[in-house]
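Asker: below is the sequence, then the predicted model.
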Amino acid sequence: MSSNKPLTFELTEDFIELIKLLKFVGICQTGGQAKLAVENGLVKVDGEVESRKRRKLRKGMRVEIEGQTVLVV
């Protein structure tokens with residue numbers, strides 16, 4: 001999934017874990033794919049490569065993977 005238009009994810013809890021977000025918005029079809037993407041250094045959070053699969057994402061954070069951006073709002 002590659003697009004210039006950022007996706008937005010509306011957070012209804014205090015946070016969401018990185019791999020859950022990737023799966024929920026449809027960038028990764030499974031949790032296993034999401035874990036591999038993080039392990040392989042394909043995911044950035046706020047411009048930095050993220051290696052923590054369960055990184056807690058909060059409002060205002062930005063996730064990037066393979067040209068796709070997700071804004072947590």
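Answerer: Yep, it's here. Numbers count the residues shown, from 1 in each chain.
Asker: buried stuff in the longest helix that the chain contains?
Answerer: Taking DSSP state H as the assignment, the helix of the chain that covers the most residues is helix 31-39. Residues of helix 31-39 classed as buried by neighbour count (16 or more other CB atoms under 10 Å): 34-35, 37-38. Every residue, glycine included, has its C-beta placed from N, CA and C.
Asker: got a list of contacts for stretch 59-66?
Answerer: Here stretch 59-66 makes contact (CB atoms under 8 Å, 6 or more residues apart in numbering) with 1-2, 6, 11, 18, 21-22, 27, 37, 42-47, 57, 69-73.
Asker: let's see which of those residues end up in helices.
Answerer: Per DSSP H, the subset of the contacts of stretch 59-66 in helices is 18, 21-22, 37.
Asker: number of residues surrounding residue 15?
Answerer: Other residues lying near residue 15 total 15 when counted by other CB atoms under 10 Å.
Asker: whoops, residue 8 was the one
Answerer: Per other CB under 10 Å, the neighbour tally for residue 8 reads 12.
Asker: need the per-residue pLDDT for it.
Answerer: Reported pLDDT at residue 8 in the predicted model: 96.
Asker: residues contacting the nearest residue to residue 54 once chain neighbours are set aside?
Answerer: What sits nearest to residue 54 in space, not counting adjacent residues and going by CB to CB, 6 or more residues apart in numbering, is residue 17, at 4.6 Å. Residues near residue 17 by CB under 8 Å, 6+ apart: 53-57.
Asker: and the closest residue to residue 6 other than its chain neighbours, how far from residue 25?
Answerer: Distance criterion CB to CB, 6+ apart; nearest residue to residue 6, sequence neighbours excluded, is residue 69 at 4.0 Å. The gap separating residue 69 from residue 25 is 11 Å, by CB to CB, to the nearest Å.
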